[in-house]
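*Asks:* here's a sequence, model it:
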Amino acid sequence: MTSGAAKLLAVFMMGSFGAASARAQGSEASTSREALEKRLNSIFSDDGIRSSKVGVEVYSLSEQELLYTKNARQALTPASAVKLFTGYTALKTLGADFRYLTTVYAKGVFNDGTLSGDLYLQGGGDPSLVSERVHLLAEQFLRSGIRKVRGNLYVDASIFDDVLIDPKRIDTSTDRAYNASISGLSFNYNTTSVYFRPGEGVGSPAQVFISPDTGYIGLANKGKTGKSNTRYGLIASRVPASDTDRVLVQGLIPQSFPEQVSYFNVNHPDVYAGYALKHYLEMFGVKIEGKVLRAKVPDGVRKVAVIESIPLADIVTLMNKFSNNFIADTLVKTMGYHFKGAPGTMEKGLEVLREEATKIGINNEGFKLVSGSGLTRDNQLSAHHFIQILNSAYLSFDILPELLTSLPIAGLDGTLRSRLKDTSAYGSLRAKTGTINGVASLAGVVQSRGGELLAFSVIMDESGKGAAQFKPVQNRFAQALAEFSRK
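*Replies:* You can find the predicted model right below:
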């Protein structure tokens, strides 16, 4: 159990799941189950959502009692709320302390600090392999004694298939970070950061910084510095370039403008990771004379460095707090690999998820799962399905603390950081959000004013409406649950 989960469990065991906001003490409180039902009916009869498809269910985990239901068994599009189930299944099947391995192998003749041969970087599917951890891997490599490599650095991502973009994703054809590729060898969530600043004078080139600058990302900088009163008009895009990528910058940035940043995904994540390792090795004085190329690890190699990922519980937290699609889809392929065989594929992983759905009784009544990230309109789950997931977690002490820890906290962090700050749900509600055009969902738990732990799910799915129209209703719903008391 992680330290964060242990702290949460300690609070939960003391009967204080979250600190109720002192700022909301004077607000209206529901005093009975009947009053709660009346209040929720009023909320969901709001003129702005009367024609919407809405599914709602509230269940007391403490009392194992249904408190409210509205179209709860109607299958709707949950968007990213489905990550709640992806995280549940990953924790249940792989275990909270599961760790990925990323390994470096050497092949060739080693003599006097020089390897007359090649290096191989083999991915284990780790979605949490970031700059700091590749730096640690390179630091560990130093202990091998190799200071020069006369051959190439080969990358091996074959633990997963080579389908980098889930065909079930909403087709945006975007180069933005949320649409990152899924690979058996990844680096920095398969994204890169590009920073922009004005140049030294009007007409001078804009300053562009790629981070981390490993040599993988090429730069075509046509951006210019404009006068201070010039309108900001710098445009950056990611352009494919063989087995690497290139950032094209055009337009104007005013001389007085503050630093700006854009985030892009990459087309070749395995090669991107290879460039990162090569970069950090060279920082430590290890010279690789060859190129970064693709090849499977052959026989006759020796292991020279290996690094473990952070625990799965922490990876699930990163996924749910920030609704990270890349992590969710990687977890799906990971489960496919470990329980259905190599290579890990999306369909194999979805099969594991569906099997878990059958075990907890939700693979029915319109249940349809084609994506573990929710970046699709094709998933179909009901509000009742989410209550079953949450209650199964509540009754499964092996994953309850880690799953609850992973969820955003109302008003404090993750995708709920800016919501419910001035309500009694502040700090006492944890939930997974879901948002795509026409869809807003919320599923999680809240400690009521009466001390009960309530599971809730609301899915609002109406084409043509924006999520901004749904969220105020959901916020009033969340506040009503936080103020519920039978006394």
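
*Asks:* and stretch 68-85, how far from the chain's centre?
*Replies:* In terms of CA atoms, centre = their mean, to the nearest Å, the gap separating the centre of stretch 68-85 from the centre of its chain is 19 Å.

*Asks:* hang on, I meant stretch 143-153
*Replies:* Relative to its chain's centre, stretch 143-153 lies at 35 Å (CA atoms, centre = their mean).

*Asks:* report the buried residues of stretch 41-60.
*Replies:* 43, 44, 49, 52, 53, 54, 55, 56, 57, 58, 59, 60 (16 or more other CB atoms under 10 Å). C-betas here are computed from N, CA, C, even on glycine.

*Asks:* which outside residues touch the host helix or strand of residue 116?
*Replies:* Element membership of residue 116 [criterion: DSSP states H and E] is strand 114-122. Strand 114-122 is contacted from outside by 102-110, 146-156, 159, 185, 273-274, 277, 288, 290, 295, 297-298, 301, 304, using CB atoms under 8 Å, 6 or more residues apart in numbering.

*Asks:* so which of the buried residues of stretch 41-60 sits lowest on pLDDT?
*Replies:* pLDDT is lowest at residue 52 among the buried residues of stretch 41-60; the value there is 63.

*Asks:* tell me how many other residues surround residue 308.
*Replies:* Taking other CB atoms under 10 Å as the criterion, the count of residues near residue 308 is 12.

*Asks:* can you report how many residues lie near the nearest residue to it once chain neighbours are set aside?
*Replies:* Nearest non-adjacent residue to residue 308, counting by CB to CB, 6 or more residues apart in numbering: residue 99, 4.4 Å away. For residue 99, the tally of surrounding residues (other CB under 10 Å) stands at 17.

*Asks:* residues touching residue 99, list them.
*Replies:* With contacts defined as CB under 8 Å, 6+ apart, the neighbours of residue 99 are 308, 309, 310, 311, 312.

*Asks:* run the last query once more with 10 Å
*Replies:* Each residue near residue 99 by CB atoms under 10 Å, 6 or more residues apart in numbering is listed here: 124, 126, 128, 307, 308, 309, 310, 311, 312, 314, 315.

*Asks:* that older thread, what residues sit buried inside the strand holding residue 116?
*Replies:* Taking 16+ other CB under 10 Å as the neighbour-count basis, strand 114-122 is seen to contain the buried residues 114, 115, 117, 118, 119, 120, 121, 122.

*Asks:* now those as JSON lines including pLDDT and distance to residue 225?
*Replies:* Formatted as JSON lines, the entries for these read as follows, by pLDDT from 0 to 100; distance: CB to CB, whole Å:
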{"residue": "114", "pLDDT": "98", "distance to residue 225": "47"}
{"residue": "115", "pLDDT": "98", "distance to residue 225": "46"}
{"residue": "117", "pLDDT": "98", "distance to residue 225": "48"}
{"residue": "118", "pLDDT": "98", "distance to residue 225": "45"}
{"residue": "119", "pLDDT": "98", "distance to residue 225": "42"}
{"residue": "120", "pLDDT": "98", "distance to residue 225": "45"}
{"residue": "121", "pLDDT": "98", "distance to residue 225": "40"}
{"residue": "122", "pLDDT": "98", "distance to residue 225": "45"}
